[in-house]
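> Here is the input, now give the coordinates:
(one chain, ligands or ions: 2)
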Amino acid sequence: MKQLTIIKIGGNVIDNSENLHQFLLDFTALPGDKILVHGGGKIATELGESLGIEAKMVEGRRITDIETLRIVTMVYAGLINKNMVAQLQAKGSNAIGLTGADGNIIKAKKRPVKEIDYGFVGDLDENSVSAETLDRLLKAGLVPVLCAITHDGETQLLNTNADTIASSVAVAMSSLYETRLVYCFEKKGVLKDVNDDNSVVREIKANEFESLKADGTVQGGMIPKLHNAFEAIKKGVSAVYIGKADELAELAEETFGTKMLK
Ligand SMILES: Nc1ncnc2c1ncn2[C@@H]1O[C@H](COP(=O)(O)OP(=O)(O)O)[C@@H](O)[C@H]1O
Ligand SMILES: CC(=O)N[C@@H](CCC(=O)OP(=O)(O)O)C(=O)O
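Ligands and ions are numbered 1, 2, ... in the order given. Below is the predicted model of the structure:
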């Protein structure tokens, strides 16, 4: 089976031009087929605030009313996605920037209203990602760059967490490729002490996740990230890593960040 690397880059790195530049250089240098998935939550929050719209997050997910949907569409599908593509093109990567609506690559379902109304947030299931369409783009020599905007197939754009997109894309692609998934963010990996960058946990087994949550080692945005990472491993992705964006070059030596184990 051919190898494929899916890399997700978060908003804190996208917001730092030096780290982003180094990350995109390393991403371009990675051999083989690859797909980039990007977030940008921090930038959407800042733009919203400058327009007087305050961000509301529940369990790592943004409550997305119609005004917020406009903002995230402009920021993720426009500003960030197109700048990322232009930077990759300048570095020699033939990137093509896409939302889930383009080529019907990711069809989501609006999250049902229960105790909380998340608004225009899209959830994914095992049929959401078109592996065939992504495969056709890869075979054409293109590097897909996916943002956090999906659609429902009936004209409605939806906001889907980028960690979830990366995990679902990796699972779908693992039917066609030997797929590895890499979550890149601003820290060196999953840390024993979130304030000590030298406390990287090298490997985490799926059955250790609950106790890491319970004892407070992993908190906030790391909880859904690890959940998505273990979902990917469980559903056929061959390797999942979490580590620092501007250390991506170390992936080749296997000294990169934290590795998830079954
Ligand atoms: N044990 C941990 N190790 C590393 N980061 C952690 C840990 N626990 C919580 N975090 C927090 O999780 C954040 C990453 O989640 P998030 O902000 O959603 O990532 P992203 O930038 O990829 O969107 C880190 O910035 C960090 O503050
Ligand atoms: C529904 C939902 O929460 N969507 C996310 C999508 C962006 C994202 O995931 O960005 P980061 O990876 O930078 O956090 C949001 O709007 O924040």
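> Which residue ranges of the stretch 151-262 of the chain form helices?
162-173, 209-214, 222-234 (DSSP state H, counting those that start in this stretch).
> ignore the last one, the stretch 1-150 of the chain
11-14, 17-29, 41-50, 66-72, 81-90, 131-139.
> Point out the most buried one among the ones you listed.
helix 11-14 (a mean of 21; mean count of other CB atoms under 10 Å). Where C-beta positions appear, they are placed from N, C-alpha and C, glycine not excepted.
> What's the mean pLDDT across it?
The average pLDDT within helix 11-14 is 94.
> what sits up against that helix?
With CB atoms under 8 Å, 6 or more residues apart in numbering as the test, helix 11-14 has contacts from 19-20, 23, 38-44, 80, 84, 184-186, 245-246.
> Could you see whether ligand 2 lies near it?
Yes. Judged by CB under 6 Å from any ligand atom, helix 11-14 and ligand 2 are in contact via Gly11.
> circling back: minimum distance to Pro224: which of the helices of the stretch 1-150 of the chain has it?
helix 41-50 (11.7 Å; CB to CB).
> mind checking how far the residue nearest to Lys109 when sequence neighbours are not counted is from ligand 2?
Ranked by CB to CB, 6 or more residues apart in numbering and with sequence neighbours excluded, the top spatial neighbour of Lys109 is Asp123, at 5.4 Å. Distance of Asp123 to ligand 2, computed by CB to the nearest ligand atom, to the nearest Å: 9 Å.
> Give me the subset of the contacts of helix 11-14 that also touch ligand 1.
Filtering the contacts of helix 11-14 for proximity to ligand 1 by CB under 6 Å from any ligand atom leaves 39, 41, 185-186.
> Of the residues you listed, which are in range of ligand 2?
Within the ones next to ligand 1 among the contacts of helix 11-14, those near ligand 2 by CB under 6 Å from any ligand atom are 39, 41.
> Let's see which of the ones next to ligand 1 among the contacts of helix 11-14 end up in strands.
Phe185 (DSSP state E).
> Turn the ones next to ligand 1 among the contacts of helix 11-14 into TSV, including pLDDT and distance to Glu115.
Formatted as TSV, the entries for the ones next to ligand 1 among the contacts of helix 11-14 read as follows, by pLDDT from 0 to 100; distance: CB to CB, whole Å:
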residue	pLDDT	distance to Glu115
Gly39	95	25
Gly41	97	22
Phe185	97	29
Glu186	95	32
